[in-house]
Each structure stands twice: as C-alpha cells, then as structure tokens.
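Build me a structure from this.
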Amino acid sequence: MNNPFFDIDPDDKVPESLKKAIVSEIDTIRNTMELVTLYVGHFFSAAGAMASNELNKAVPNQDKTSS
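From the prediction side, this is the model:
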C-alpha cells in the first residue's frame, strides 16, 4: 500500500504572502464576530434586562414577601 502522505516533503516552507493572507483572514473573522457580539448579543441582553425591570414594575400591588 502506497500512502500518499509519505510523498509530502517536510522541508517545504509556506510563502510569507500566504501566511499574511491567512492571518489577515482570521483577523477579519475575529473582528466581525466581535462586532456581532457587541451589537447583537449585548443588545438583546440589555433589552431583556429592561423588559424584566419593566415587568417587575408593572405589578406594584403584589406583596413579594408573602408566597
């Protein structure tokens, strides 16, 4: 059985331009995910917290000490 992975030359070097392109692509993805997290994730967290506070204020006549 001839394994094609044995034909790979381990002394080959990756070109610097390819390294820079990959790092740039990873940075772009990371920055995009950060923006999505900041504007979408935190927005819904804040909206949920505000809605929760409004729901608690909406029923002021309930006595919270008696269950």
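
what separates residue 47 from residue 6, distance-wise?
Using Cβ to Cβ, to the nearest Å, residue 47 is found at 57 Å from residue 6. Any C-beta I mention is one placed from the backbone N, CA and C, and that applies to glycine too.

Between these two, which has more neighbouring residues?
Ranked by neighbour count (other Cβ atoms under 10 Å), residue 47 and residue 6 place residue 47 first, with 10 against 6.

Run through the protein and note the low-pLDDT ranges.
1, 9, 54-67 (pLDDT under 70).

all strands of it, in order?
Counting by DSSP state E, the chain has no strands to list.

Which helix in it has the most residues?
Secondary structure of the chain per DSSP state H: the longest helix is helix 16-36.

chain center to it: distance?
Distance of helix 16-36 from the chain centroid (Cα atoms, centre = their mean, to the nearest Å) equals 14 Å.

Please write out the alpha-carbon positions of that helix in PDB.
The C-alpha trace of helix 16-36 is given here as PDB (Å, rounded to 0.1, in the frame of the first residue of the first chain):
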ATOM      1  CA  GLU A  16       5.200  34.700   3.600                       C
ATOM      2  CA  SER A  17       2.400  36.100   1.400                       C
ATOM      3  CA  LEU A  18       0.200  33.100   2.200                       C
ATOM      4  CA  LYS A  19       0.900  33.400   6.000                       C
ATOM      5  CA  LYS A  20       0.000  37.100   5.900                       C
ATOM      6  CA  ALA A  21      -3.200  36.300   3.900                       C
ATOM      7  CA  ILE A  22      -4.300  33.700   6.400                       C
ATOM      8  CA  VAL A  23      -3.600  35.900   9.400                       C
ATOM      9  CA  SER A  24      -5.500  38.700   7.800                       C
ATOM     10  CA  GLU A  25      -8.500  36.500   7.100                       C
ATOM     11  CA  ILE A  26      -8.500  35.200  10.700                       C
ATOM     12  CA  ASP A  27      -8.300  38.800  12.000                       C
ATOM     13  CA  THR A  28     -11.200  39.800   9.800                       C
ATOM     14  CA  ILE A  29     -13.400  36.900  11.000                       C
ATOM     15  CA  ARG A  30     -12.500  37.700  14.700                       C
ATOM     16  CA  ASN A  31     -13.300  41.400  14.300                       C
ATOM     17  CA  THR A  32     -16.600  40.500  12.600                       C
ATOM     18  CA  MET A  33     -17.600  38.200  15.300                       C
ATOM     19  CA  GLU A  34     -16.700  40.800  17.900                       C
ATOM     20  CA  LEU A  35     -18.900  43.400  16.200                       C
ATOM     21  CA  VAL A  36     -21.800  40.900  16.000                       C
END
